[in-house]
Every structure is written in structure tokens, then in C-alpha cells.
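**Q** only the shape, not the letters, is given here:
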């Protein structure tokens, strides 16, 4: 029996600290968990957050050091990885160790190339050892994945058949984005020769499909085959591209292939808009914001002036506690 039920990698970062706080508040008295970081000084700063967790321990771990990483992974039932910004240059050795030792793994990254490379390299080993490897367990892409699953499940229960099409729509929401997420996006845009990138490009819309999957009719990552602004007859609303759809939809397609949502099922995600005019205005704003972020000088200025949060920072407590989201789906 392994001594540690759960190990948090990267516990001193913004999201890692939130995970420690959550475990301490909800499960502290019962759960044997480990928090890790590369810095002893930063680990000391975490100890007050573990005040209600008598079975918890803090230990040094560098994910780039195989011996250090191995000693942590083999003694854990599950590893939750927050050592990112980005994950793609740090997470693959963690996945490899988990697959080899039969340790379950999850992370919060939406880095499609990492997900592809992880599956191609270590899925066979994970299947043999019994390790469950889960990527994209944050806002990207849990809402879309669960909503799509529930929609196709309802179709089978009510009508006894699979789905021919799934359309997803993010609804009202409140919250914020962490600086690490933005910095990761900048890193991926600036580096085009990273693990998994060539495979993602070659597979196109079905970038994350598992072995044996046969793809389908979708041609784009987000599944929208129309203009930037279009009217969705099924939903009865104007729509525009959703910024997270190129991350969410390939994952939903993977789930559809694994769970059998329906033969040649079309899958898409689009942002609903109140009117054609508001959709056009939102697309224009998104384009300007995207351009400012893509260009290195203006991106540097946005981070430097605090317009965008820097790595290690994110929404304050009030924003987090009052945050919410809605996600909808139509199954045909």
C-alpha cells in the first residue's frame, strides 16, 4: 500500500496554492497528501496553509530530476500536476514516471500538443500498469466535455440512439484568468517545434483522437464551418468563435471516439451573441486583443503594465468565490 494518497506537484504556484488550501479545508483531517516544490523556502511558506492537515507532508521535488521525481511518484496513488507555465517542457517526464509506476495523473493544462505527445508516448505503458492519465482537467476542458457527455447520454436514454451532431455553447460566466495560462499561450505561439505539435497539425480537427479512431466530418478545430459571425438555427442565436473551442472540441471528439457518442458525429462549440451587431463588435474586439497579444512588443507591454496578470498571479479570492459558468449543448 502506498503511503501517500495524493501528491501535488508545483504546490507553490498560484493554482497549486489554491489546491493546497482546498485540500486543507475540505479533507485535511483525513487525507494523507504531499505538497512539493523545488524551493525549501517556498515550501515553508506553504505550511500555514496546511494547519488542519496532520497527515500532510511537504517535500522537495524537481520534476526535471528523474531520481527526485521517481521517489515521489512511486509512493503516491495519484499525482496532481500544477508545475506548468508551460507544462509541455516539464510534464512529459511526470507522465512517463506515472505510467511506469501505475500512478494516476491529472493536470489542468489545455496544451493540445502536450496531450497528443503524452498519449502517443505513454498510453501503452499506462494501460499496462493501470495508470489513468488525464489532461485538461480545468476550465479547459471540463465544462465542454461533461456537457457533451450529458447531452449524448440524454439522447440515448430518451431516444435509444447515438448523436449525429453535438453543438456546445458557453453561457454567462464570471471569473478571471491566471497569468500562467496567458504566459503558456505566449510560449506556445513563440515555439513551433515542441513535442506533439507536428502530430497535432497533421491530424487537424481530430488532433486528440485515440488509436483506432476513424475521425469524422469536421474540418476545423472548433467545428464551425461557417463565417466568423453566423446565425445558428438550432440554438436560435447569433454566434461567433469561442476562444477556448480549439482546445475544448478536440478533447470532446476524443471522448466521443472512446465512448461511442455516434458514428461520424459532428462536434462544435461557438459563443452565443445577443445580436448580429454585438457578434460583429465582439469579433472585432477579439481580433484587436489577439493582435496585441500575438505581437511580442505589445504583449510585453500588456504584462509589464499589469493589464494582463503575470505568471504566479490570478483572480483574487472574491472573484474566485463569486465565479460561475454555464455551458449548454444541443444534441441532434
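**A** The structure has been received and is ready for your questions. This structure is a prediction, so every number in the text was calculated from the model and none was measured.
**Q** mind listing the helices for the stretch 151-300 of the chain?
**A** 179-190, 197-203, 245-259, 276-294, 296-304 (DSSP state H, counting those that start in this stretch).
**Q** which elements pack onto the longest one?
**A** For helix 276-294, the helices and strands in contact under the criterion 3 or more CB pairs under 8 Å, 6 or more residues apart in numbering; DSSP states H and E are helix 179-190, strand 237-241, strand 266-273, helix 296-304. For every residue, glycine as well, the C-beta is placed using N, CA and C.
**Q** which of these sits most buried?
**A** Comparing the helices and strands packed on helix 276-294 by mean neighbour count (mean count of other CB atoms under 10 Å), strand 266-273 comes out on top with a mean of 23.
**Q** and the one residue sitting closest to the centre of the chain, what's its pLDDT?
**A** The centroid of the chain falls nearest to residue 136 when counting by CA atoms, centre = their mean (2.6 Å). Note for residue 136: predicted pLDDT of 96.
**Q** so who does it touch?
**A** Neighbour list for residue 136: 107, 108, 109, 110, 115, 142, 145, 247, 251 [criterion: CB atoms under 8 Å, 6 or more residues apart in numbering].
**Q** next step: those restricted to helices.
**A** Cross-referencing these against helices under DSSP state H gives 115, 142, 145, 247, 251.
**Q** how about the last one: what's its closest non-neighbour residue?
**A** Once its chain neighbours are removed from consideration, residue 251 has its nearest residue in residue 141; the separation is 4.5 Å (CB to CB, 6 or more residues apart in numbering).
**Q** tally of neighbours for the one you found?
**A** 27 (other CB atoms under 10 Å).
**Q** next, count neighbours for residue 161.
**A** 10.
**Q** so it is in contact with residue 155, correct?
**A** Yes - using CB atoms under 8 Å, residue 161 makes contact with residue 155 at a distance of 6.6 Å.
**Q** from the contact counts, what lies against the worst-scoring helix or strand of the chain on mean pLDDT?
**A** Lowest on mean pLDDT, DSSP states H and E among the helices and strands of the chain sits helix 179-190, with a mean of 86. Helices and strands touching helix 179-190, by 3+ CB pairs under 8 Å, 6+ apart, are helix 14-27, helix 276-294, helix 296-304.
**Q** what's the closest of those helices to residue 323?
**A** helix 14-27 (12.0 Å; CB to CB).
**Q** give the rounded mean pLDDT of the helix or strand just after the closest one.
**A** For helix 14-27, the succeeding helix or strand toward the C-terminus, using DSSP states H and E, is strand 33-37. With pLDDT averaged residue by residue, strand 33-37 scores 93.
**Q** partners of strand 33-37 in the sheet?
**A** Applying DSSP bridges to the sheet, strand 33-37 is found paired with strand 4-9 (parallel), strand 57-60 (parallel).
**Q** nearest to residue 276, of those?
**A** For these, the distance to residue 276 is smallest for strand 4-9, at 46.4 Å, taking CB to CB.
**Q** all strands in the stretch 101-250 of the chain, in order from the N-terminus.
**A** Along the stretch 101-250 of the chain, the segments classed as strands by DSSP state E, counting those that start in this stretch run 104-107, 133-134, 165-174, 230-232, 237-241.
**Q** winner for burial among these?
**A** Comparing those by mean neighbour count (mean count of other CB under 10 Å), strand 104-107 ranks first with a mean of 22.
**Q** just the terminal-to-terminal distance for stretch 81-96.
**A** Stretch 81-96 has an end-to-end distance of 13 Å (CA to CA, to the nearest Å).
**Q** in it, what's buried?
**A** By 16 or more other CB atoms under 10 Å, the buried positions in stretch 81-96 come out as 81-96.
**Q** and that stretch, what's its mean pLDDT?
**A** The model assigns stretch 81-96 a mean pLDDT of 93.
**Q** between the ones in helices among the contacts of residue 136, which is nearest residue 257?
**A** residue 251 (10.8 Å).
**Q** how about that closest one, what does it touch?
**A** By CB under 8 Å, 6+ apart, residue 251 lies in contact with 115, 136, 141, 144, 145, 208.
**Q** any idea which of the residues you listed the model trusts least?
**A** Lowest pLDDT among the contacts of residue 251: residue 141, with 92.
**Q** what helices or strands is the host helix or strand of residue 45 leaning on?
**A** In the assignment (DSSP H and E), residue 45 maps to helix 40-46. Helix 40-46 is packed against strand 33-37, strand 57-60, with contacts defined by 3+ CB pairs under 8 Å, 6+ apart.
**Q** related to what we said a few turns ago, and the furthest pair within the contacts of residue 251?
**A** Spanning the widest gap among the contacts of residue 251 are 115 and 144, at 14.3 Å by CB to CB.
**Q** highest neighbour count among the ones in helices among the contacts of residue 136?
**A** residue 115 (28 neighbours).
**Q** wait, what's in contact with it?
**A** Residue 115 neighbours (CB under 8 Å, 6+ apart): 109, 135, 136, 196, 208, 251.
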